[in-house]
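A.B. asks: I would like to see how this sequence folds:
(one chain, ligands or ions: 1)
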Amino acid sequence: MIRIALFGQPGSGKSTLAQNIAERLHARVIEASTAVVFPIAAHVKKLPNEETLIEQLRQLSKRKSFASREDAMNMFDRLRLKYGADFIARALHELFLENSKQPTLVFSGLRGIDNAKYCRLHNDFVVYLKVDDQTAIRRLMKSRGYTKQQAVDELKKEQVLYQTKQIEKIANLVIDTTTMSIDRSAKLIEDTIKQWNQMCTHCVNTARNPAIRFMKNGLCHICDTYQTHFDPTHLQEELEFLESFIGTGSNDHDILVGLSGGKDSTATLLSIKQMGFNPLAVTFNLGYLPRTTMPRSKEMAKLLETPHEEIDIRSYIRPIDHASYEKTVALYEKPFTLETKLAFQKAYAEGRKHYSVKCKHSPIFVRTCQLCRRMVIRAYYDETLKRGARAIVLGINEWTNLSAAQSGKEYKVSGVRKLQPYKNKPAVYVFHLPFLLQRTSRETKAMLKKIGWTPPVGEDFIESNSNSCLFARSTERMAKRLLGFHPDSTRLAREVTVGFITKEQALKALGKLHPYKDTPREVLRKAKILK
Ligand SMILES: [Zn+2]
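C.D. replies: Residues are numbered from 1 along each chain as shown. Sure, this is the predicted structure:
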């Protein structure tokens, strides 16, 4: 459902514009005064607690309500004083969000910065209609029959009580109705909302994610980059490179395989065995794996007759990573307000700049997987070398080095990442095997069926990262609410991009929220990372 919330000073043209938008988008207009203020002014003598009042409003919506303009204005003020300056927005959301059959609602006649903040926090599309005072005064004199002084007073009162002009700073869209006609304004809102709701024609990336751009062909820039640079012969060469490691280990094993016991890693281990490797299965642990991960990994390693090691990688947490854990958890403890939402969106964009392994900063990682990645990548390198091998294979279904493509250099879609942090030490290669094999989830499923693997009870075949990590799970709900999109959507989008899963499968996995009661801090305390 799309909700548009129109704000502006008296005389900015809200009501006329609301009607125009409603016709364009087949939307229903809900006037705050008609839906909330008039019924209360007409029927409720003594104001009860908020919950009771909203229940009364539900009943009153079936009756006719007459109140004078003056009574309504007084009631506006009384409601604001008793229930807080964002009461009208809360009431409208309570009354119209559930059970509304209309795909689009236009809220009009709400007043003030606090109502606007509430609407923006709850993912309404907030439009602020700007108008210069002279025009507003002229319009009020004409439409309400005010004298000039009355119009001036009205504007002054509005500004003192509701600070309406401040909405300009938080609105999704600002329109100056002094100069722009109603028709053009409505068209601009329609077009902007269309962009705001855009989803890639191929994958599940949306315009809500500030890191995603859209191309003229309707693809997101990730899908577009992939399709431009994909070359199957290059992947064939990389597979041959992988096979060149067979029999090369200086100890017992020629390769490591990351194993979680889930579908992708289990199928990967099976393929590596079939290719003729002598692998060691490893499960890296930062202390917040779900309880089932270790027993399942052991069970799968046993089933595939492969030695298995659990590797505690908490020793890879540096002071700068520790500071990131602390800051990230602190952000997740903030109250659910618009300020927190804006801080989240800023931190999300910022975290993406510190994705590099070489990064020496301690940013907040709204997407917790980016934080874990810092430790995990360094562990891939050290632990692989320690065991006398030069390659580690992962059950990752997407390609590597996307950032190289975006930097505009000569680029080939690749399934191998070279890790060489020190020039005088050997490189370790990380292979994304299912991607190199261009496998689909259907093929993985068929392979696993043969060896008797099925998803554990309550799990789907396709899941977001929070299924396999308690830290991600503890942050998922809040991150999704505050970002307006699932924090793991970029990863699942890429699985769609490469054809591993379908768009429908990704949307289903992203729509699911994993029930979990521990807070991020509790998860990290249990993992002995934070005190
Ligand atoms: Zn896409």
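A.B. asks: Show the contacting residues for D183.
C.D. replies: Contacts for D183 were tallied using CB atoms under 8 Å, 6 or more residues apart in numbering; they are N20. Bear in mind the C-beta positions are built from the backbone N, C-alpha and C, glycine included.
A.B. asks: Counting neighbours, which bits of the helix or strand hosting it end up buried?
C.D. replies: Taking DSSP states H and E as the definition, D183 sits inside helix 182-196. With burial defined by 16 or more other CB atoms under 10 Å, the residues of helix 182-196 counted as buried are 185-186, 189, 193.
A.B. asks: So for that helix, mean pLDDT?
C.D. replies: Per-residue confidence for helix 182-196 averages out to 94 on the pLDDT scale.
A.B. asks: Just the C-alphas of it, formatted as CSV.
C.D. replies: Written as CSV, here are the backbone C-alpha positions of helix 182-196 (Å, rounded to 0.1, in the frame of the first residue of the first chain):
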residue,chain,number,x,y,z
ILE,A,182,-1.8,22.0,-9.2
ASP,A,183,-1.8,19.8,-12.2
ARG,A,184,2.0,19.9,-12.6
SER,A,185,2.4,19.4,-8.9
ALA,A,186,0.2,16.3,-9.0
LYS,A,187,2.1,14.9,-12.0
LEU,A,188,5.4,15.5,-10.2
ILE,A,189,4.1,13.6,-7.1
GLU,A,190,2.9,10.7,-9.3
ASP,A,191,6.2,10.4,-11.1
THR,A,192,8.3,10.7,-8.0
ILE,A,193,6.3,8.0,-6.3
LYS,A,194,6.7,5.7,-9.3
GLN,A,195,10.5,6.1,-9.0
TRP,A,196,10.3,5.7,-5.2
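A.B. asks: Downstream of it, the next helix or strand is which one?
C.D. replies: Scanning forward in sequence from helix 182-196, with DSSP H and E defining helices and strands, the next element found is helix 221-229.
A.B. asks: Which other helices and strands does that next one contact?
C.D. replies: If contacts are counted by 3 or more CB pairs under 8 Å, 6 or more residues apart in numbering; DSSP states H and E, helix 221-229 sits against helix 402-406, helix 489-497.
A.B. asks: any idea of the angle the longest one forms with helix 221-229?
C.D. replies: Yep, that's helix 489-497 we're talking about. Using axes from the mean of the first three to the mean of the last three CA atoms, to 10 degrees, the interaxial angle of helix 489-497 with respect to helix 221-229 works out to 30 degrees.
A.B. asks: contacting residues around helix 489-497?
C.D. replies: Under the contact criterion CB under 8 Å, 6+ apart, helix 489-497 has outside partners 200, 202-206, 209, 211, 220, 222-223, 226, 367, 369, 397-399, 402, 462, 464-465, 486, 501-503, 505-506, 509-510.
A.B. asks: try it again with 7 Å
C.D. replies: For helix 489-497, the external contacting residues (CB atoms under 7 Å, 6 or more residues apart in numbering) are 202-205, 209, 222-223, 226, 397-398, 464-465, 501-503, 506, 509-510.
A.B. asks: all strands for this protein, in order.
C.D. replies: Secondary structure of the chain, counting by DSSP state E: strands at 2-8, 28-31, 104-108, 125-130, 173-176, 255-258, 279-285, 308-312, 391-394, 416-419, 428-432.
A.B. asks: is it possible to export these to CSV including mean pLDDT, distance to the ion and mean neighbour count?
C.D. replies: Written out in CSV, the entries for the strands of the chain read as follows (pLDDT from 0 to 100; distance: least, CB to the ion, whole Å; neighbours: other CB atoms under 10 Å):
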stretch, mean pLDDT, distance to the ion, mean neighbour count
strand 2-8, 94, 21, 25
strand 28-31, 93, 32, 19
strand 104-108, 93, 25, 24
strand 125-130, 96, 23, 24
strand 173-176, 96, 25, 18
strand 255-258, 96, 26, 26
strand 279-285, 96, 30, 23
strand 308-312, 96, 35, 16
strand 391-394, 97, 23, 25
strand 416-419, 93, 22, 17
strand 428-432, 96, 19, 22
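A.B. asks: Take those and write them to TSV, including distance to R525.
C.D. replies: Putting the strands of the chain into TSV (distance: least, CB to CB, whole Å) gives the following:
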stretch	distance to R525
strand 2-8	39
strand 28-31	45
strand 104-108	42
strand 125-130	38
strand 173-176	43
strand 255-258	26
strand 279-285	16
strand 308-312	17
strand 391-394	29
strand 416-419	31
strand 428-432	31
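A.B. asks: Please point out which parts of stretch 217-228 sit buried.
C.D. replies: Residues of stretch 217-228 classed as buried: 219-226 (neighbour count, 16+ other CB under 10 Å).
A.B. asks: Please list which of the residues you listed also come close to the ion.
C.D. replies: Applying CB under 5 Å from the ion to the buried residues of stretch 217-228, one finds that 220, 223 fall near the ion.
A.B. asks: closest to E51 among the buried residues of stretch 217-228?
C.D. replies: The nearest member of the buried residues of stretch 217-228 to E51, counting by CB to CB, is C220 at 42.7 Å.
A.B. asks: can you pull the contacts of the closest one?
C.D. replies: Under the contact definition (CB under 7 Å, 6+ apart), the residues listed for C220 are 200, 203, 205, 212, 214.
A.B. asks: Okay, I113 and L155: tell me how far apart.
C.D. replies: With the distance defined as CB to CB, to the nearest Å, I113 ends up 16 Å from L155.
A.B. asks: Output stretch 283-296 as PDB - backbone C-alpha positions only.
C.D. replies: Coordinates of each C-alpha in stretch 283-296 appear next as PDB, following Å, rounded to 0.1, in the frame of the first residue of the first chain:
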ATOM      1  CA  THR A 283      33.100 -24.200  10.300                       C
ATOM      2  CA  PHE A 284      34.200 -20.700  11.300                       C
ATOM      3  CA  ASN A 285      32.600 -19.500  14.500                       C
ATOM      4  CA  LEU A 286      32.400 -16.000  16.000                       C
ATOM      5  CA  GLY A 287      30.300 -17.200  18.900                       C
ATOM      6  CA  TYR A 288      26.900 -16.400  17.500                       C
ATOM      7  CA  LEU A 289      26.000 -19.300  15.300                       C
ATOM      8  CA  PRO A 290      22.600 -20.800  15.800                       C
ATOM      9  CA  ARG A 291      22.700 -23.800  18.100                       C
ATOM     10  CA  THR A 292      22.000 -26.200  15.200                       C
ATOM     11  CA  THR A 293      24.900 -25.100  13.000                       C
ATOM     12  CA  MET A 294      27.700 -27.100  14.600                       C
ATOM     13  CA  PRO A 295      25.900 -30.500  15.000                       C
ATOM     14  CA  ARG A 296      24.600 -30.200  11.400                       C
END
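A.B. asks: Name the nearest residue to L513, ignoring sequence neighbours.
C.D. replies: The spatial neighbour of L513 that comes closest, neighbours along the chain excluded (CB to CB, 6 or more residues apart in numbering), is R477 at 5.5 Å.
A.B. asks: scratch that, G247 is what I was asking about
C.D. replies: With sequence-adjacent residues excluded and distances taken as CB to CB, 6+ apart, G247 is closest to D254, at 5.6 Å.
A.B. asks: Could you give the number of residues near L95?
C.D. replies: Counted with other CB atoms under 10 Å, the neighbours of L95 add up to 17.
A.B. asks: Domain ranges for the protein, per the record?
C.D. replies: Dividing the chain into domains by automatic domain parsing, as the record does, gives the ranges 2-196, 233-526.
A.B. asks: Settle this for me: L304 is touching K273, isn't it.
C.D. replies: Yes. At 6.1 Å, L304 and K273 qualify as touching, with contact defined as CB atoms under 7 Å.
A.B. asks: Which residue, neighbours along the chain excluded, lies closest to the residue of the chain most remote from its centre?
C.D. replies: In terms of distance from the mean C-alpha position of the chain, T147 ranks first, at 50.1 Å (CA atoms, centre = their mean). Leaving out its chain neighbours, the residue that sits closest to T147 by CB to CB, 6+ apart is M141, at 7.2 Å.
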